[in-house]
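In: kindly return the folded structure for what I paste below:
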Amino acid sequence: MTSSAFDVAILGAGPVGRVLALMLARVAPDPARIALLAGSAPVPAAPSAAMPATDPRVLAMNHGSRVLLESLHAWPDRSADIRNIHVSQRGRLGRTLIQNTDFGVPQLGSVVAYSGLHAKLDECVAACGVTVLPGPPAQIGRQDADGVRIQQGETELLCRVAVQSDGAGATDVRRDYDQHAVLTTAHASLPRRGWAWERFTAEGPLALLPHPQTPDAYSVVWCSAPERAAELAALDNAAFSQALSAAFGDRLGRLSSQAPRHVFPLALSARRAQVHGRLAAIGNAAQTLHPVAGQGLNLGLRDAARLAQTLGGWLAHPDANPAPALAEFASARHVDRVITAGLTDLMPRVFSTGMAPVEHACGLALLALDLASPLRAPLAQHLLQGFRA
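Out: Numbering: from 1, shown residues only. Alright, predicted model coming up:
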C-alpha cells in the first residue's frame, strides 16, 4: 500500500469537481497539492457533426455559470444560446415570458453537450497543475487532527480538507416525486432560435431546450409517472413524435424524434449540512434536484465557486485550522441552497396536482408574473445567476 499527502482532495471529477480544481489551482501556492480523484470510467465521445442532435445528454447553463466557465477558459466550443424562456401550463390560461433584454445580458443561459463540456474541462485540468489520480472509486476514511484519510484502491491519501463531489451521501432529506424523466432529442418543423420552453402538464413538466448540435433540434426532458415514462420510451418513433407534439402543442410546428430515449427516476435528495469536520460536500454530493428549470448543475457550480473563494486564504497557510473557512462556506451557501431546492421542489408538485382550482391559480400566477415585471424579476434573477452571498 502506498500513501500520499495533499492540502485538498476532491472526490469526483464531474463538471463541479473539475471546476473546483481549476479554481483552487489559481489560488494555491502549489497546485500539485490539490488532488482530483477521477474515476477510470471513460466518457463517451461527443456526437459528431455528421450525426447532429442524437445525444440527449445536454446541460442547461445559466448566465452566471457561463461567465464562470468563460473566466476559466473552459467554455465548450459549441453551445446554443437561450435568450427567451417561455413558461406555460397545458390546458390552462396564463403564461410567462422571460427575456434576456429584461436584464441587458447577451443570453439568459446556454445549452451545452455533456461530452463537450467534459472534454473542455478535461483539457483545462490537464494544464492547470493539479494532481489527477485516476483509479477506482475513493472512500472517505476517518478524520483526525492531521486531516482526512481517503482510500483509493491500494492507495491511502491523507489530506487536510476533503471535498465530496461524486454524488454520494446526500440522503438526509429525501423526496420521491413518483416521476421518471424521458430524455431524447426532437427536430422541429418551425424551430425558433434562442427559445427554451417549460410546459407544465398534468403528468409533469415538459422542457424543450435548443440543442447545441443543430439549430432545428431540441433536447427533450419529459417528466411523467413511471408507468407512463416506460410506455413513452417503448413507443416507436412515429408514435412518440405524435405524443410529444400533442403534449407540447404547435408552437414549434411538428416535432419529430428519431433519437434514442433514456429514462431516469426523479427524486430530491440533500444533506442538511454541507460541512462535517474537514469534509465538505458540493454539487450532487450535497443536493440532487428535480430537473425543472435546470438548476442542479448551476447550483453545484456556485458551491464550487464559493468553496474556492473561502479556501483561497487558507491555502496560503495550510497548516492552519481550516474550520473557520469551511464554516464560512457553509453559512454563505445556506440561503441559495434552500431557495433553489425549494423552488425546484414546489413547481413540479403544485402544477400537477390534478386539482382544477390549484391549476387555475397557477395559471393566474403565471399571468401575473408576465404582466408585472417587478413580480417576475426576483424569480428571473435567481434563474439567471442564483442567490450569491
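In: helix, strand or coil for residue 230?
Out: helix (DSSP: H, G, I helix; E, B strand; the rest coil).
In: any idea how far it is from residue 224?
Out: Going from residue 230 to residue 224 by CB to CB, to the nearest Å gives 9 Å. To be clear about C-beta, it is placed using only N, CA and C from the backbone, and glycine gets the same treatment.
In: please say which of the two ends up with more neighbours.
Out: Per other CB atoms under 10 Å, whichever of residue 230 and residue 224 has more neighbours is residue 224, with 25 against 13.
In: for that one, give me its contacts.
Out: 179, 180, 182, 201, 203, 204, 232 (CB atoms under 8 Å, 6 or more residues apart in numbering).
In: quick check: bridge partners of residue 8?
Out: residue 34, residue 161 (DSSP bridges).
In: could you check the distance from it over to residue 230?
Out: Residue 8 sits at a distance of 43 Å from residue 230 (criterion: CB to CB).
In: of the contacts of residue 224, which belong to strands?
Out: Per DSSP state E, strands hold the following members of these: 179, 180, 182.
In: buried residues in the top helix by length along the chain?
Out: If you go by DSSP state H, the chain has its longest helix at helix 323-350. Of the residues in helix 323-350, 325-326, 328-330, 332-333, 336-337, 339-341, 343-345, 347-348 count as buried by neighbour count, 16 or more other CB atoms under 10 Å.
In: cool, and stretch 16-36?
Out: Neighbour counts over stretch 16-36 (16+ other CB under 10 Å) mark 16-25, 27-28, 31, 33-36 as buried.
In: could I get the average pLDDT for it?
Out: Stretch 16-36 comes out with an average pLDDT of 97.
In: please renumber so the chain begins at 625
Out: Sure thing, new numbering starts at 625, so read that last one as stretch 640-660.
In: dump that stretch to CSV, restricted to CA.
Out: Extracted in CSV, the C-alpha atoms of stretch 640-660 (Å, rounded to 0.1, in the frame of the first residue of the first chain):
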residue,chain,number,x,y,z
VAL,A,640,-18.4,20.5,-10.5
GLY,A,641,-15.3,18.8,-9.2
ARG,A,642,-13.3,19.8,-12.2
VAL,A,643,-14.4,23.5,-11.8
LEU,A,644,-13.4,23.4,-8.2
ALA,A,645,-10.0,22.0,-9.1
LEU,A,646,-9.4,24.7,-11.7
MET,A,647,-10.4,27.5,-9.3
LEU,A,648,-8.2,26.1,-6.5
ALA,A,649,-5.3,25.8,-8.9
ARG,A,650,-5.4,29.6,-9.5
VAL,A,651,-5.1,30.4,-5.8
ALA,A,652,-3.0,27.6,-4.4
PRO,A,653,0.8,28.3,-3.9
ASP,A,654,1.4,24.8,-5.2
PRO,A,655,-1.4,23.4,-7.4
ALA,A,656,0.2,19.9,-7.3
ARG,A,657,-1.0,19.7,-3.7
ILE,A,658,-4.6,19.7,-4.9
ALA,A,659,-5.7,16.1,-5.8
LEU,A,660,-8.5,15.4,-8.1
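In: who's in contact with residue 787?
Out: The neighbourhood of residue 787, defined by CB under 8 Å, 6+ apart, consists of 632, 633, 634, 635, 641, 644, 903, 904, 905, 906, 931.
In: three-state assignment of it?
Out: Once three-state DSSP is applied, residue 787 turns out strand.
In: where's it relative to residue 771, distance?
Out: Residue 787 is 13 Å from residue 771, by CB to CB.
In: how long is stretch 782-795 end to end?
Out: Taking CA to CA, to the nearest Å, stretch 782-795 runs 26 Å from one end to the other.
In: for residue 825, which non-adjacent residue is spatially closest?
Out: Spatial nearest neighbour of residue 825, chain neighbours left out: residue 714 (4.4 Å); criterion: CB to CB, 6 or more residues apart in numbering.
In: show me what contacts residue 788?
Out: Residue 788 touches 635, 636, 764, 903, 904, 905, 906, 909, 910, counting by CB under 8 Å, 6+ apart.
In: quick check: chain neighbours aside, which residue is closest to the fourth one?
Out: If you skip the residues right next to it in sequence, residue 903 has residue 786 as its closest partner in space, 4.9 Å away by CB to CB, 6+ apart.
In: tell me, how many residues neighbour that neighbour?
Out: Per other CB under 10 Å, the neighbour tally for residue 786 reads 28.
In: now swap in the one 3 residues further on and tell me
Out: Neighbours of residue 789 under the rule other CB under 10 Å: 30.
In: and the one 5 residues further on, by the same measure?
Out: Using other CB under 10 Å, residue 794 has 21 other residues around it.
In: got a list of what the closest residue in space to it that isn't next to it in sequence touches?
Out: Closest residue to residue 794 apart from its sequence neighbours, by CB to CB, 6+ apart: residue 893 at 4.6 Å. Neighbouring residues of residue 893 by CB under 8 Å, 6+ apart: 794, 795, 797, 798, 799, 911, 912.
In: backbone phi and psi for residue 893, please?
Out: Reported as degrees, to the nearest 10, the phi and psi values for residue 893 are phi -140, psi 140.
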